[in-house]
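Trainee: Any chance you could fold what I've pasted below:
(6 chains)
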Number of protein chains: 4
Amino acid sequence: MPKVSEEHRMARRAQIVAAARTCVAEQGFHKTTMADVIAASDLSAGAVYGYFKSKEDIVAAIAEEALSSVDELFGSVLLTGEPVSPLLVLERILKHIVSMAERPDGDITKIALQAWAESLRNPAVKAIAEDKYRMLRGRFTEVARRAQADGTIPADADPEQVAQVLFGFIPGFILQRLLIGDVTPQSYTAGLRAILRD
Amino acid sequence: MPKVSEEHRMARRAQIVAAARTCVAEQGFHKTTMADVIAASDLSAGAVYGYFKSKEDIVAAIAEEALSSVDELFGSVLLTGEPVSPLLVLERILKHIVSMAERPDGDITKIALQAWAESLRNPAVKAIAEDKYRMLRGRFTEVARRAQADGTIPADADPEQVAQVLFGFIPGFILQRLLIGDVTPQSYTAGLRAILRD
Amino acid sequence: MPKVSEEHRMARRAQIVAAARTCVAEQGFHKTTMADVIAASDLSAGAVYGYFKSKEDIVAAIAEEALSSVDELFGSVLLTGEPVSPLLVLERILKHIVSMAERPDGDITKIALQAWAESLRNPAVKAIAEDKYRMLRGRFTEVARRAQADGTIPADADPEQVAQVLFGFIPGFILQRLLIGDVTPQSYTAGLRAILRD
Amino acid sequence: MPKVSEEHRMARRAQIVAAARTCVAEQGFHKTTMADVIAASDLSAGAVYGYFKSKEDIVAAIAEEALSSVDELFGSVLLTGEPVSPLLVLERILKHIVSMAERPDGDITKIALQAWAESLRNPAVKAIAEDKYRMLRGRFTEVARRAQADGTIPADADPEQVAQVLFGFIPGFILQRLLIGDVTPQSYTAGLRAILRD
DNA sequence: AATGAATGAGACTTCATTCAT
DNA sequence: TATGAATGAAGTCTCATTCAT
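Mentor: Numbers count the residues shown, from 1 in each chain, chains lettered A, B, ... in the order given. Below is the predicted model:
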């Protein structure tokens, strides 16, 4: 097979990442073997290694994908410069997270949990996680500022510190959903409504 | 073959768990080898296998220890039946978490992250995590009820749902502390103060 | 499909052998991969396999080239039928060897070492080595005969046996030059002068 | 199996080296697989890796053994301080080499050839080879000095240079014996007698 | 004729666990 | 009881070669 198009290469790469994502969501990074990924991707060992030079690289690619995905949450939420209620932002995000988690090709929140653990000993994953989460938290800083503009949040609060807390709701939700299993965007939003200023 | 005392057995067991905890905090469950644990515990392979029948069992023991440890957080907080401010409870807990994380023999919050990931594919760890976290969240239900008693939280709120959110702050804090590294009990408490009803 | 000229084919073949020679001089036969050769030859995998049916064949071609090259040493030495001093022959040969070894496209003495080792388990290379070295040693038989003619060497000696020894100086020189690194044609010739009859 | 004696460990190690030597003499360093060595040593993979941390290490051990073995040649030759004839020394050495080569557990001269080639790209083997051969050549320097003492060799010759040449006979002999196959200590000694001063 | 992506057997190595002493 | 050498299945990755385009 002579030179293939760049799209072809991208498609193959995506095929491998998708296969790996499914495996990792089921078995975790470490119990997922390259043989699993190779079988799931319908490629040969050599082909897979033509796209990723090591398992480590595939892990990093999946982690990046999973950690980045949360960013798409904000796609439409912050478009205009108008004030947005933190409560509303969180509600939308939690719903989006659940819809992503229920996609058929691997629960992305499970991948995120794996990535958190992996980042403790894998500098590449750590760098990705830190980077992505700083960005994401930056969005919440913006939310905090707008909430201060309309008086929902006291004007003298530090928006960075507020963002820490707002951002912190997300792992709290994801974790309980996976480990305990009884939280829903509805229940969580109701709880939030009860404790947050409005 | 002199039968050793029960205390002796317990001490040996603790020695193994401590050794394993240190290893796991540094390298994660999967990169920690039995050889690592054996070396760190100053015992022989045979001896370690006399106390735990498999690596899986050691993992479960460490996970149990780490996930339980959060419970000691509440030690003195809920002793009396008086109302307690959620804000105050959280502040004390965050401080306690940091002090636990800084103990010399392995950051217990890192173990917790490992345990979260592990619980996705290890039913034993999953059962421990679910159990411990349900219990812990139960404490927050109590906090919610007392906060309703003194009017901090609306009387018509579901204390279970409020507990979900209050409990959810903890993983949010732990995760940011490990991945981004800039949150402190002080900054988080300040953020909380800005958004929570008081 | 325009048939390419024979010269074109020969040029391509030479290009491949040259690329492979460079690789092999640096990394040895076994650490040199086909990918290395393909990259160094600026051809495609398919093209290379159009000229050589296997790596084994390329190895044989390089070995042949390297083992034959010593023969050019004698180019001018034995032209006339006159007596030649063994000492002088050896001196010229050693100088020639060094000049070949210092050519930019791969030290041919390193290839020779590789070929010696390879011939122990590769019958094709063995056949080449045996053949070439028998021929080369034949030249020394002629040298021995002429040295007998002028009395440098006793008349009753067996010129074949003398040739064994004369020929044997060459690997001794090459090996010390590569492994120890302190022999030169000058030092070696001086040593020879001290021990050989004259 | 609890702690074993040091002799036991040495014996196991020797068992592995012997197995590897046999394999390498037959197939060369690179075609010899760890599976071959493991099978030939009658141990398990894990056991072999308990004694050598990599194939590279086994290669180095075999190379060291083979390159050192030549040193035993000199065992009795230089005991007294008396003059010794270079011719006689060489004759004894060649005989010894042949007897070593004919030992049943792997022709050590074949290993030496492998080691020569390997030393070109393996710094560990290179270091061993250089070291051993410098030492060995040092013995020939001593031979040269004694030969000068009794007048066999001109007094004004540099014994180091003479040693280069004397030492150089050995690879010449080994190589012809393996590649061409018709040299014997007798034939070589006869050739030497014809060309060396006496 | 030329390309180079794909193949897949097989290489090296690790490591949880056992069991003879 | 305790030891730690030994086991061997299983993991990651390489690379000579092919063949659809």
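Trainee: neighbours around A:Ser99, how many?
Mentor: A:Ser99 has 10 neighbours, counted by other Cβ atoms under 10 Å in any protein chain shown. Using the backbone N, CA and C atoms, a C-beta is placed for each residue, glycine as well.
Trainee: Pull out the buried positions in the helix or strand hosting it.
Mentor: Using DSSP states H and E, A:Ser99 sits in helix A:86-101. Buried residues in helix A:86-101, counted by 16 or more other Cβ atoms under 10 Å in any protein chain shown: A:86-87, A:89-94, A:96-98, A:100-101.
Trainee: Torsion angles phi and psi at A:Leu196?
Mentor: phi -80, psi 150 (degrees, to the nearest 10).
Trainee: Would you map the helices across chain A?
Mentor: Applying DSSP state H to chain A gives helices spanning A:6-31, A:34-41, A:45-51, A:55-69, A:86-101, A:108-119, A:123-149, A:159-179, A:185-195.
Trainee: so what secondary structure elements neighbour the lowest-mean-pLDDT helix or strand in chain A?
Mentor: When the helices and strands of chain A are scored by mean pLDDT, DSSP states H and E, helix A:86-101 comes last with a mean of 92. Applying 3 or more Cβ pairs under 8 Å, 6 or more residues apart in numbering or on different chains; DSSP states H and E, we find helix A:86-101 packed against helix A:108-119, helix A:123-149, helix A:159-179, helix A:185-195.
Trainee: right, so of those, which gets closest to B:Ile108?
Mentor: helix A:108-119 (14.1 Å; Cβ to Cβ).
Trainee: hmm, that closest one in reach of chain B?
Mentor: Yes: residues of helix A:108-119 contacting chain B under Cβ under 8 Å from any Cβ of the partner chain: A:110, A:113-114, A:116-119.
Trainee: now stretch A:132-145
Mentor: Yes: Stretch A:132-145 reaches chain B (Cβ under 8 Å from any Cβ) through A:133-134, A:137.
Trainee: Neighbour-wise, give me the winner out of these.
Mentor: Ranked by neighbours (other Cβ under 10 Å), the residues of stretch A:132-145 next to chain B are led by A:Tyr133, which has 22 neighbours.
Trainee: surely that one meets B:Gln176?
Mentor: Yes: using Cβ atoms under 8 Å, A:Tyr133 makes contact with B:Gln176 at a distance of 7.4 Å.
Trainee: Can you get me the start-to-end distance on stretch A:96-107?
Mentor: 13 Å (Cα to Cα, to the nearest Å).
Trainee: Residues touching that stretch, excluding its own?
Mentor: Residues from elsewhere that reach stretch A:96-107 (Cβ atoms under 8 Å, 6 or more residues apart in numbering or on different chains): A:18, A:21-22, A:24-26, A:69-70, A:72-73, A:108-110, A:170, A:173-174, A:177, A:184-185.
Trainee: care to break chain A down by domain?
Mentor: A:6-54, A:65-195 (automatic domain parsing).
Trainee: export those domains to a markdown table and tack on distance to DNA strand E?
Mentor: Output for these, formatted as a markdown table (distance: least, Cβ to the nearest atom of the strand, whole Å):
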| stretch | distance to DNA strand E |
| --- | --- |
| domain A:6-54 | 2 |
| domain A:65-195 | 13 |
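Trainee: weakest of those domains in terms of mean pLDDT?
Mentor: Averaged per stretch, pLDDT over the domains of chain A is lowest on domain A:65-195, reaching a mean of 92.
Trainee: Give me every residue in chain A lying close to chain D.
Mentor: Counting by Cβ under 8 Å from any Cβ, no residue of chain A is near chain D.
Trainee: Give the burial count for A:Ile38, as a bare number.
Mentor: Residue crowding around A:Ile38 was assessed by other Cβ under 10 Å; the count is 19.
Trainee: Oops, could you answer that again for A:Asp150 instead?
Mentor: As a burial measure, A:Asp150 scores 11 neighbours (other Cβ under 10 Å).
Trainee: and if you look at A:Ser85?
Mentor: A:Ser85 has 15 neighbours, counted by other Cβ under 10 Å.
Trainee: sorry, back to before: would you point to the one among the domains of chain A that's packed deepest?
Mentor: domain A:65-195 (a mean of 19; mean count of other Cβ atoms under 10 Å in any protein chain shown).
Trainee: before we move on, the earlier item: check the buried residues of helix A:86-101 against DNA strand F, which are close?
Mentor: Near DNA strand F, judged by Cβ under 7 Å from any atom of the strand, there are no entries from these.
Trainee: With distance to B:Ala35 added, can I get the residues you listed in JSON lines?
Mentor: Converted to JSON lines, the buried residues of helix A:86-101 look like this (distance: Cβ to Cβ, whole Å):
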{"residue": "A:Pro86", "distance to B:Ala35": "50"}
{"residue": "A:Leu87", "distance to B:Ala35": "51"}
{"residue": "A:Val89", "distance to B:Ala35": "49"}
{"residue": "A:Leu90", "distance to B:Ala35": "46"}
{"residue": "A:Glu91", "distance to B:Ala35": "49"}
{"residue": "A:Arg92", "distance to B:Ala35": "49"}
{"residue": "A:Ile93", "distance to B:Ala35": "44"}
{"residue": "A:Leu94", "distance to B:Ala35": "44"}
{"residue": "A:His96", "distance to B:Ala35": "44"}
{"residue": "A:Ile97", "distance to B:Ala35": "40"}
{"residue": "A:Val98", "distance to B:Ala35": "42"}
{"residue": "A:Met100", "distance to B:Ala35": "40"}
{"residue": "A:Ala101", "distance to B:Ala35": "37"}
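Trainee: Out of those, which comes closest to A:Thr189?
Mentor: Nearest to A:Thr189 among the buried residues of helix A:86-101 is A:Glu91, at 4.7 Å by Cβ to Cβ.
Trainee: so what's that closest one closest to, chain neighbours aside?
Mentor: A:Thr189 (4.7 Å; Cβ to Cβ, 6 or more residues apart in numbering or on different chains).
Trainee: Tell me who's in contact with the one you found.
Mentor: By Cβ under 8 Å, 6+ apart, the contact set of A:Thr189 is A:87, A:90-91, A:94.
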